[in-house]
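Novice: Starting from these lines, generate the structure:
(4 chains)
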2 protein chains.
Amino acid sequence: MERPPRSLLSSRAEDYLEAIYILSQKGKPKVRELARRLCVSPSSVVEFLRRLSEQGYVIYKKGGEIRLTEKGLEVARKIYNRHVVLTEFLTYIGVPRDIAEIDACRIEHLLHDETVERIIEFMRRKMESEP
Amino acid sequence: MERPPRSLLSSRAEDYLEAIYILSQKGKPKVRELARRLCVSPSSVVEFLRRLSEQGYVIYKKGGEIRLTEKGLEVARKIYNRHVVLTEFLTYIGVPRDIAEIDACRIEHLLHDETVERIIEFMRRKMESEP
DNA sequence: TTATATATTTAGGCGTGCCTAGCATAGGGT
DNA sequence: ACCCTATGCTAGGCACGCCTAAATATATAA
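Specialist: Numbers count the residues shown, from 1 in each chain, chains lettered A, B, ... in the order given. Predicted coordinates for the structure are as follows:
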């Protein structure tokens, strides 16, 4: 029974960073939007943002702009890429898109880098053999 | 951002049930063995067992035998089967066995039934085309 | 400008899982 | 019987993530 190290970023923290990343593509992320997207109350978002900013993953002063630091951006991009890859993969093997999205969200934080690599390679082989 | 329903069995509860199930194959599960397997202290196991027994998943009286109820057995078997399937699948696509085991453990609780079905089907097709 | 609506923040609290420290109980060995 | 060790249990406490209710800030309308 291996368990993820407690000291690093939690799955939930990665969710928050990813959500900020995605919302940043389309404008300035708001507390309210983050709350909706993450299915939590706005107050939970504020609290989480405070912690993430203490740890240097986001820039956030109350009332101010919400923005990822370089460190936060790195994590967010990694998770987001995993999300995309996993969703593609699951739909490829026949999982309906909506379910694939949900499951990708859930496991994107947990897989070993090695595993994600193998999945990427698997998809690459498929793309080559099926034009 | 879909999240698992809070009212049902947590991932961790499923881990406990699965561990009890596996240890039951080889004898009577002990608190100590469960603790080792789940990487927690014995006191955490005792506490968890109390809750699981209140909820009708295990039979457990302090000092007594630890045993799954029918209800607990059903969950444990389902999770264990998922574990096996996912491990097979991951090794098939090239993930080293030890990593496959770990990742299977982590995601076995989270995937939609539909997704697991698709993975099983995928493996079945492979087995047919590659004797 | 004042009133109202919306967005954000603070305060206080809760459930889950985990821990350590200390107590209890059971078995062996001498 | 006694001591010693292993095992199990109880008590108390902690971190994480979440919530509601109430306070404050900001934007919009009258």
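Novice: what comes up buried for the longest helix seen in chain A?
Specialist: Ordering each helix of chain A by length in residues (DSSP state H) puts helix A:70-92 first. Buried residues in helix A:70-92, counted by 16 or more other C-beta atoms under 10 Å in any protein chain shown: A:72-73, A:75-76, A:78-80, A:82-83, A:85-92. (Each C-beta comes from the backbone N, C-alpha and C, glycine too.)
Novice: near chain B, from the residues you listed?
Specialist: residue A:90 (C-beta under 8 Å from any C-beta of the partner chain).
Novice: Near DNA strand C, list only the ones from the buried residues of helix A:70-92.
Specialist: Subset of those in contact with DNA strand C: empty, counting by C-beta under 7 Å from any atom of the strand.
Novice: Now do the longest helix of chain A: everything it contacts.
Specialist: Residues outside helix A:70-92 that contact it (C-beta atoms under 8 Å, 6 or more residues apart in numbering or on different chains) are A:9, A:14, A:17-18, A:20-22, A:52, A:56-58, A:68, A:97, A:99-101, A:103-105, A:107-109, A:111, A:116, A:119-120, A:122-123, A:126, B:115, B:118.
Novice: could you check whether that helix is close to DNA strand D?
Specialist: No. Using C-beta under 7 Å from any atom of the strand, helix A:70-92 stays clear of DNA strand D, with a minimum separation of 13.4 Å.
Novice: residues in contact with the following helix or strand past that helix?
Specialist: Following helix A:70-92 in sequence order, the next helix or strand is helix A:97-107 (DSSP states H and E). Helix A:97-107 is contacted by residues A:15, A:82-83, A:86-87, A:90-91, A:95, B:1-2, B:4, B:106-107, B:110-112, B:114-115 when judged by C-beta under 8 Å, 6+ apart.
Novice: same thing but 10 Å
Specialist: The contact list for helix A:97-107 (C-beta atoms under 10 Å, 6 or more residues apart in numbering or on different chains) reads A:11, A:15, A:18, A:79, A:82-96, A:115-116, B:1-4, B:11, B:103, B:106-116, B:118.
Novice: Tell me if the helix or strand just after that helix is near chain B.
Specialist: Note on helix A:97-107: by DSSP H and E, the next helix or strand toward the C-terminus is helix A:113-129. Yes. Judged by C-beta under 10 Å from any C-beta of the partner chain, helix A:113-129 and chain B are in contact via A:113, A:114, A:115, A:116, A:117, A:118, A:119, A:121, A:122, A:123, A:125.
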